[in-house]
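1. Could you work out the structure for the sequence below:
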Amino acid sequence: MHLVAEVLDQQLCDSRGKPAGRVDGIVLELRDDKPPRVAYVEVSPITFLSRINRRLSRWYARHDRRFGEGRGVAFRVPWTRLTPSGTALQIDIDSEATPIVAVEQWLRRRIVERIPGG
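-> Sure, this is the predicted structure:
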């Protein structure tokens, strides 16, 4: 499998079939005398921003920590919880119960819902 071409930046769908972001990073597990193994995929603006600029990523993580427990770090989905599903990857997790869609929820509550007709 070509991880970068087939997994990185692929759309994720949660257990309810709703979009749950994109794969922003891949975490490999290094093992003695064996090839590396994919352990997790990361879904987070923090990981995405670190691909662009580490300093910007650290700034975002610092501000993200203010939003509660489990924030300020990338959310990791175990590789074993992913299954290919057409053009997306299916995860057996409800994204609403994780920090995956927290930024979207915050934007919806604080900005979109305040727009007349939003």
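2. what bridges to the spatially most central residue of the chain?
-> Against the mean C-alpha coordinate of the chain, by C-alpha atoms, centre = their mean, the closest residue is V43 at 1.1 Å. Listed by DSSP bridges, the beta-bridge partners for V43 are F75.
3. which ones are touching it?
-> 12, 20-24, 74-77, 100 (C-beta atoms under 8 Å, 6 or more residues apart in numbering). Yep, even glycine has a C-beta here, placed from its N, CA and C like the rest.
4. Can you say which of those are buried?
-> Buried members of the contacts of V43, counted by 16 or more other C-beta atoms under 10 Å: 12, 20-21, 23-24, 74-75, 77, 100.
5. And these, which is closest to G68?
-> F75 (12.8 Å; C-beta to C-beta).
6. mind showing which ranges of this protein have poor pLDDT?
-> The chain contains residues with pLDDT under 70 at 1, 118.
7. Strands along that one, start to end?
-> 11-13, 19-22, 25-31, 34-43, 75-78, 82-85, 88-91 (DSSP state E).
8. Generate TSV for these, with distance to R51 as supplementary columns.
-> Below are these laid out as TSV (distance: least, C-beta to C-beta, whole Å):
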stretch	distance to R51
strand 11-13	17
strand 19-22	12
strand 25-31	8
strand 34-43	11
strand 75-78	16
strand 82-85	20
strand 88-91	18
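9. The ones you listed: which one's closest to R66?
-> strand 75-78 (16.6 Å).
10. For that closest one, name the packing helices and strands.
-> strand 34-43 (3 or more C-beta pairs under 8 Å, 6 or more residues apart in numbering; DSSP states H and E).
11. Give me the nearest residue to L82, chain neighbours excluded.
-> For L82, ignoring the flanking residues on the chain, the nearest one in space by C-beta to C-beta, 6 or more residues apart in numbering is L89 at 5.1 Å.
12. hmm, back to that, ok, which of the strands of the chain comes nearest N53?
-> strand 25-31 (14.6 Å).
13. and that closest one with strand 34-43, angle?
-> 150 degrees (axes from the mean of the first three to the mean of the last three C-alpha atoms, to 10 degrees).
14. tell me which residues of strand 25-31 are tucked away?
-> 25-26.
15. strands paired with it, and their directions?
-> With DSSP bridges as the test, strand 25-31 pairs up with strand 34-43 (antiparallel).
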